[in-house]
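Peer 1: I'll drop the sequence and a predicted model, then ask my questions.
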Amino acid sequence: MGKFLESEKKRMVDFKSKSPYISDKARKDGIYKKKPRPFCLPREYSSENLYSGIREGVIEYFTKYEIKWHDGIDKKPSNHLCDSMVCCLNFLFPFAYNPRALKELLFPLFPNIRRLLPMDQAGQYVSIEWIGLENYLGEKMAQHGKRTRGANFTSADAAVMFERTDGQKQIVLIEWKYTESYSRTSYKIAGSGIDRTKIYAPLYERDDFPVDKTLLPSFDDLFYEPFYQFMRQQLLAHEMERAHELGANVVSLLHIAPSHNQEFQRVTSPGLLPIGDSVINIWKKLQRPPHRFDSISTEELFNGFPVQQFPDMEEWWRYIETRYSWVDLE
């Protein structure tokens with residue numbers, strides 16, 4: 001278990017016991033993986049894992065698009081208070097119906113934004129668990145022939161689309177991290193015995209593979225987390241751009257994670273160690289073409305957001321500062 005995860009569990013125990021955002025009945029230990037856990041909510045109150053201002057809308061959205069919850073309970077979120085999907089939703093979904101606020105949030109990274117554009121449905125500007133309109137990566141389809149957002153296919157945790165000042169459309173796939181840390185375990189061979197390199201080999205063998213193969217010792221070196229996730233999401237972005245999905249001219253990947261979670265940066269792939277001293281530095285060096293990958297800490301991104309200009313979001317920000325107090329740099 002990572003040190004940041006350990007500290008977050010303690011923080012969430014305190015949050016659950018004292019916060020006005022949790023009902024009294026939800027303060028009891030929750031069962032998670034068959035054991036009572038003080039950092040989890042009772043299963044019947046798992047919806048309280050979401051900020052109240054987005055709770056109903058998120059659950060309706062997941063139901064409408066049949067999105068799979070990570071560790072979900074009865075078509076509702078996980079009861080684990082350190083759940084990464086829940087964290088992503090608590091931070092990003094309040095911007096889904098507020099394009100002016102979303103533009104302010106993203107402007108430091110993308111100063112060429114002219115206006116936000118909806119992806120899933122009219123009036124919604126943040127999409128969750130985006131898998132692309134087509135099976136671009138050739139991942140195995142279920143027998144019923146339907147792909148599932150949030151499970152079994154490469155998914156971006158979130159996605160946004162905007163028109164740029166040069167008139168082009170850009171989609172940004174967002175990879176959200178919270179308490180994750182990874183070991184030096186190869187994911188080349190799946191538990192079922194399938195060699196995962198064979199799935200992505202047709203894309204790897206193309207000249208336009210979006211990773212610099214002259215720097216890559218071996219294709220196998222990408223099958224260590226989080227590089228394996230980054231590779232698949234970068235491939236998804238690249239193929240969406242080639243297909244001009246939703247009319248997009250550019251599709252890029254944005255990684256967001258707490259700077260406090262330093263263990264995430266540990267290089268897990270032995271073959272990639274000579275390239276750089278952190279996950280993000282290595283991935284930036286491996287990118288081709290350039291300008292298709294960005295990374296920013298959760299703290300820097302959200303502390304740059306001028307919440308005082310959006311009075312209707314002040315209660316949400318108080319919730320964030322209370323629950324994820326590490327986000328406040330001041």
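Peer 2: Received it, and whenever you're ready, just let me know what you need.
Peer 1: Now for the closest residue to Trp69 other than its chain neighbours: which residues touch it?
Peer 2: Residue nearest to Trp69 in three dimensions, not counting chain neighbours: Pro77, with 5.5 Å by Cβ to Cβ, 6 or more residues apart in numbering. C-beta coordinates here come from the backbone N, C-alpha and C atoms, glycine included. Counting by Cβ atoms under 8 Å, 6 or more residues apart in numbering, Pro77 makes contact with 46-47, 49-50, 58-59, 69, 83, 85-86, 89.
Peer 1: now the helices for this protein?
Peer 2: Ranges of helices in the chain, per DSSP state H, are 3-18, 52-64, 84-92, 99-106, 196-204, 227-242, 279-286, 298-303, 314-323.
Peer 1: Could you dump those helices into JSON lines and include mean neighbour count?
Peer 2: Shown next, in JSON lines, are the helices of the chain (neighbours: other Cβ atoms under 10 Å):
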{"stretch": "helix 3-18", "mean neighbour count": "16"}
{"stretch": "helix 52-64", "mean neighbour count": "16"}
{"stretch": "helix 84-92", "mean neighbour count": "23"}
{"stretch": "helix 99-106", "mean neighbour count": "19"}
{"stretch": "helix 196-204", "mean neighbour count": "15"}
{"stretch": "helix 227-242", "mean neighbour count": "22"}
{"stretch": "helix 279-286", "mean neighbour count": "19"}
{"stretch": "helix 298-303", "mean neighbour count": "18"}
{"stretch": "helix 314-323", "mean neighbour count": "16"}
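Peer 1: Just put those helices in TSV and tack on distance to Met161 and mean pLDDT.
Peer 2: Output for those, formatted as TSV (distance: least, Cβ to Cβ, whole Å; pLDDT from 0 to 100):
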stretch	distance to Met161	mean pLDDT
helix 3-18	31	96
helix 52-64	17	97
helix 84-92	14	98
helix 99-106	11	98
helix 196-204	23	95
helix 227-242	11	97
helix 279-286	23	96
helix 298-303	18	96
helix 314-323	23	97
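Peer 1: For Glu139, which of these is the nearest?
Peer 2: Across those, Glu139 has its closest neighbour in helix 196-204 (6.4 Å, Cβ to Cβ).
Peer 1: related to what we said a few turns ago, distance-wise, check the residue nearest to Trp69 relative to Tyr51.
Peer 2: Per Cβ to Cβ, to the nearest Å, Pro77 is found 11 Å from Tyr51.
Peer 1: Point out where the protein drops to low pLDDT.
Peer 2: 1, 142-144, 329-330 (pLDDT under 70).
Peer 1: tell me, what residue is most central in it?
Peer 2: Trp176 (2.7 Å; Cα atoms, centre = their mean).
Peer 1: Quickly list what that residue is bridged to.
Peer 2: Ile256 (DSSP bridges).
Peer 1: could the helices of the chain go into CSV alongside distance to Gly271?
Peer 2: Formatted as CSV, the helices of the chain follow (distance: least, Cβ to Cβ, whole Å):
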stretch, distance to Gly271
helix 3-18, 26
helix 52-64, 38
helix 84-92, 27
helix 99-106, 34
helix 196-204, 13
helix 227-242, 10
helix 279-286, 11
helix 298-303, 29
helix 314-323, 38
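Peer 1: closest to Pro38 out of those?
Peer 2: Pro38 lies closest to helix 3-18 among these, at 4.8 Å (Cβ to Cβ).
Peer 1: tell me the angle the closest one makes with helix 314-323.
Peer 2: 120 degrees (axes from the mean of the first three to the mean of the last three Cα atoms, to 10 degrees).
Peer 1: Strands of the stretch 101-250 of the chain, start to end?
Peer 2: 113-117, 127-130, 156-164, 169-176, 250-257 (DSSP state E, counting those that start in this stretch).
Peer 1: Need the winner for burial among those strands.
Peer 2: Comparing the strands of the stretch 101-250 of the chain by mean neighbour count (mean count of other Cβ atoms under 10 Å), strand 127-130 comes out on top with a mean of 24.
Peer 1: CA atoms only for it - export them in CSV, please.
Peer 2: Extracted C-alpha coordinates of strand 127-130, given in CSV (Å, rounded to 0.1, in the frame of the first residue of the first chain):
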residue,chain,number,x,y,z
SER,A,127,-18.0,13.2,-20.8
ILE,A,128,-17.1,10.3,-18.5
GLU,A,129,-15.4,7.0,-19.4
TRP,A,130,-15.0,7.8,-23.1
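Peer 1: show me the contacts for the nearest residue to Asn261 once chain neighbours are set aside.
Peer 2: Once flanking residues are discounted, Asn261 sits nearest to Phe4: 4.1 Å by Cβ to Cβ, 6+ apart. Neighbour list for Phe4: 179, 181, 258, 260-264 [criterion: Cβ under 8 Å, 6+ apart].
Peer 1: now with 7 Å?
Peer 2: 179, 260-261, 263 (Cβ atoms under 7 Å, 6 or more residues apart in numbering).
Peer 1: and those residues, which are buried?
Peer 2: 179, 260-261 (16 or more other Cβ atoms under 10 Å).
Peer 1: didn't Ile275 look like it was pressed against Lys284?
Peer 2: No. Ile275 lies out of contact with Lys284 (Cβ atoms under 7 Å); the separation is 10.0 Å.
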